[in-house]
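Enquirer: just need the structure, nothing else, for what follows:
(chains A, B, C and D)
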Protein chains: 2
Amino acid sequence: MNSQFKKGILELLVLNILKGNDCYGYEIVNKISESISISEGTIYPLMRRLKGDGYVTTYLSESNEGPPRKYYHLAESGIEEHNKLKKEWDTFFVQVNILLGEES
Amino acid sequence: MNSQFKKGILELLVLNILKGNDCYGYEIVNKISESISISEGTIYPLMRRLKGDGYVTTYLSESNEGPPRKYYHLAESGIEEHNKLKKEWDTFFVQVNILLGEES
DNA sequence: TTTAGTACCTTGTATAACAAGATACTGTGT
DNA sequence: ACACAGTATCTTGTTATACAAGGTACTAAA
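Expert: Below you'll find the predicted structure:
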């Protein structure tokens, strides 16, 4: 997997997952990993950034399977950021595929 | 335009352009710029990398519209690199769009 | 008690796009 | 002759972000 391809997209994928319901970090890693190889060392700093930017809020919740989980909840500005990134991605990959001659 | 999205893709786009015919740097910048905003400061270092990796060879050719042009020619290994990147991109954007719920 | 699974985190490294410049040639307008 | 736009090359320093490789700590099963 070309790790450069992922630059910027992972933020969109995370916000997209959180649009459905609150998730904890480890859960997000596993969900994305089903389709795209990803490491924890990528997601945790990303979640910190998203919180720093005000796109998500967090709360702790105990687990009976291990240490407490830190849940992330999508804030209003996070929804806006998601919509913005989604539009950018949609036009981007269409443009790329046109340049690659796929006419998709 | 989210500049992070472009990471890694520009190499594929350049190789794809050179599959058609030899081009000089300024020409490549203009071709890509028709669809995706790009700066010269991105392309010239990229071309240097591609040459360093043996994916392209170069030759100079005079121009009657300005200074001499440095043409880039796709080498055998460049064709292989193109095929590899193309496959990676194809699976990548499909996976991303599935995660985004586009089923494309 | 040791291991696997869950769950959090940090540090340092590598990659690549970009802004902002520099250099230099050609042709057009004043 | 001079300035300017267009063509064409390049470099330097900055920024963003993914990753490898670690560490910590809890639970449950072998």
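
Enquirer: quick one: name the residues of chain A near DNA strand D.
Expert: Residues of chain A found near DNA strand D (Cβ under 7 Å from any atom of the strand) are A:1, A:3, A:6-11, A:37-42, A:45-46, A:49, A:64-67. For every residue, glycine as well, the C-beta is placed using N, CA and C.

Enquirer: please convert the buried members of those into ChimeraX selection syntax.
Expert: Burial among the residues of chain A next to DNA strand D is assessed by 16 or more other Cβ atoms under 10 Å in any protein chain shown; the matching ChimeraX selection reads:
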select /A:6,7,8,9,10,11,38,46
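
Enquirer: near chain B too, which of the residues of chain A next to DNA strand D?
Expert: Contacts with chain B within the residues of chain A next to DNA strand D, counted by Cβ under 8 Å from any Cβ of the partner chain: A:1, A:3, A:7-9.

Enquirer: which single residue in chain A comes nearest to DNA strand D?
Expert: Taking Cβ to the nearest atom of the strand as the measure, the point where chain A comes nearest DNA strand D is residue A:41, at 2.7 Å.

Enquirer: where's that residue relative to DNA strand C, distance?
Expert: 4 Å (Cβ to the nearest atom of the strand, to the nearest Å).

Enquirer: report the backbone C-alpha coordinates of stretch A:60-68 in CSV.
Expert: Extracted as CSV, the C-alpha positions of stretch A:60-68 are listed here (Å, rounded to 0.1, in the frame of the first residue of the first chain):
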residue,chain,number,x,y,z
LEU,A,60,-14.0,8.2,28.5
SER,A,61,-16.0,5.0,29.0
GLU,A,62,-15.0,1.9,30.9
SER,A,63,-14.7,-1.4,29.2
ASN,A,64,-14.9,-5.0,30.6
GLU,A,65,-12.4,-6.2,28.0
GLY,A,66,-9.5,-4.0,28.8
PRO,A,67,-8.5,-0.4,29.7
PRO,A,68,-11.0,2.4,29.4
